[in-house]
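In: Turn this into a model:
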Amino acid sequence: MSAKVAPPAPLQLVRIAVDCMGGDHGPLITLPACRAFLDKHPSAELVLVGAADALRPAAQWPRCNVVVATEVVTMDDSVEVALRRKRDSSMRVALQQVKAGAHACVSAGNTGALMAVARYLLKTLDGIDRPAIATVMPNRRDGYTTVLDLGANVDCTPEHLLQFAVMGSALVSAVDGKAEPSVGLLNIGEEAIKGSETIKRAGELLRAAGEAGQINFFGNVEGNDIFKGTVDVVVCDGFVGNVLLKTSEGLASMMSDFIKQEFTRGPMSKLAALVAMPVLQRFKHRVDPRRYNGAALLGLRGLVFKSHGSADAYAFEQALARAYDAARNRLLDRVHDRLGPTLMALPAGDGASEQAA
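Out: You can find the predicted model right below:
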């Protein structure tokens with residue numbers, strides 16, 4: 001294993017910019033979430049961005065500043081509208097706060113627009129071709145597995161997957177305090193000979209990085225390993241990752257509906273459901289997607305976290321907390337420290353050079 005760089009000291013004060021107008025519910029959800037977050041995080045400051053009238057209740061909150069934006073990027077707006085026409089949107093102004101010195105930004109707005117505007121304003125880190133979306137999924141170890149990419153990049157090269165592995169490792173190290181998170185490459189089998197040519201080549205790059213001590217590469221993993229908790233980080237392309245995410249959300253929703261339906265059936269079903277309720281409720285709590293809200297847009301020159309558009313106040317607060325943990329533990333510095341040695345070790349011609357449009 002190569003010598004490891006000591007992790008940077010945590011920030012003493014974390015400033016987070018919040019797009020208060022994004023998502024399905026806007027200030028009705030974001031403001032209560034921000035107030036609850038501030039009560040639990042005395043070393044945090046918030047910059048609330050949105051319409052003046054909507055944010056007036058927060059004008060006197062401690063450790064809170066209000067920045068007015070006159071436009072809103074809706075969930076139906078195209079990337080072109082967000083980038084070219086709505087230059088004073090709450091999303092864009094919140095991201096500009098990061099460029100001006102805020103440590104992170106959180107938005108529940110349109111994912112495509114958020115990625116495009118963030119990339120336009122903040123640019124990508126040196127050595128990163130394409131930002132990736134990373135989030136966590138619950139596993140049976142009573143923890144969670146970090147998965148990326150979840151939809152930012154449909155087609156990925158082996159080098160992109162290596163970059164995702166490095167960024168995912170840095171994220172888990174920063175947020176969860178694991179010095180050397182284990183990384184798995186999502187495949188159709190554990191054997192190195194399986195998978196597409198892209199996956200096979202990615203496996204070679206990841207194994208080389210593991211042998212050089214730059215990541216803790218476990219090997220190939222399958223879909224069920226995510227929920228087993230076999231590894232800390234699972235890497236895949238955005239097409240596979242997005243399908244995986246939507247499927248897991250659908251299963252969690254189905255479980256919640258099943259619990260409710262059992263109480264509408266006959267007396268015996270109601271009695272059985274009542275007896276099993278403590279177990280069912282614990283399981284429902286463990287897989288509740290609200291607990292894991294807050295996907296990181298990794299690879300940018302600033303921290304950006306995406307909340308689910310339909311998030312309630314509890315879920316949006318979780319996204320704020322994840323952004324806070326990442327910023328406080330200097331995620332960007334950790335990505336930089338891990339990325340340089342990994343890219344330098346690539347064989348000539350393997351270095352990533354393209355920039356996504």
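In: Enumerate every residue touching residue 143.
Out: residue 229 (CB atoms under 8 Å, 6 or more residues apart in numbering). The C-beta positions use only the backbone N, C-alpha and C, and glycine is treated the same way.
In: ranges for the strands of the stretch 251-357 of the chain?
Out: In the stretch 251-357 of the chain, the strands defined using DSSP state E, counting those that start in this stretch lie at 295-298, 303-306.
In: Paired strands for the first one, with orientation please.
Out: Here the strand partners of strand 295-298, with direction, are listed using DSSP bridges: strand 132-138 (antiparallel), strand 303-306 (antiparallel).
In: Please enumerate residues in contact with that strand?
Out: 114-115, 118, 131-135, 148, 150, 152, 164, 167-168, 171, 303-306, 322, 326, 331, 335.
In: how far does that strand sit from the chain's center?
Out: Its chain's C-alpha centre and that of strand 295-298 lie 4 Å apart, by CA atoms, centre = their mean, to the nearest Å.
In: Stretch 75-83 now?
Out: The answer for stretch 75-83 is 21 Å, by CA atoms, centre = their mean.
In: Report the buried residues of it.
Out: Residues of stretch 75-83 classed as buried: 77, 79, 81-83 (neighbour count, 16 or more other CB atoms under 10 Å).
In: again, but for stretch 198-216
Out: Buried residues in stretch 198-216, counted by 16+ other CB under 10 Å: 199-203, 205-206, 208-210, 214-216.
In: Any stretches of this structure with poor pLDDT?
Out: 1-6, 252, 255-256, 258-264, 266, 268-270, 272-289, 343-357 (pLDDT under 70).
In: ok, back up a step: how about the buried residues of stretch 198-216 in CSV, adding secondary structure and distance to residue 182?
Out: Below are these laid out as CSV (DSSP: H, G, I helix; E, B strand; the rest coil; distance: CB to CB, whole Å):
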residue, secondary structure, distance to residue 182
199, helix, 18
200, helix, 20
201, helix, 21
202, helix, 16
203, helix, 15
205, helix, 17
206, helix, 12
208, helix, 17
209, helix, 13
210, helix, 10
214, coil, 14
215, coil, 9
216, strand, 5
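In: and which of those residues is nearest to residue 58?
Out: residue 215 (41.7 Å; CB to CB).
In: what's the distance between the residue nearest to that closest one when sequence neighbours are not counted and residue 162?
Out: Leaving aside its sequence neighbours, residue 215 sits nearest to residue 209 (CB to CB, 6 or more residues apart in numbering; 4.9 Å). Going from residue 209 to residue 162 by CB to CB, to the nearest Å gives 6 Å.
In: can I see the domain layout of this structure?
Out: 8-128+299-351, 134-289 (automatic domain parsing).
In: Need the winner for burial among the ones you listed.
Out: Among those, domain 8-128+299-351 has the highest mean neighbour count (mean count of other CB atoms under 10 Å), at a mean of 20.
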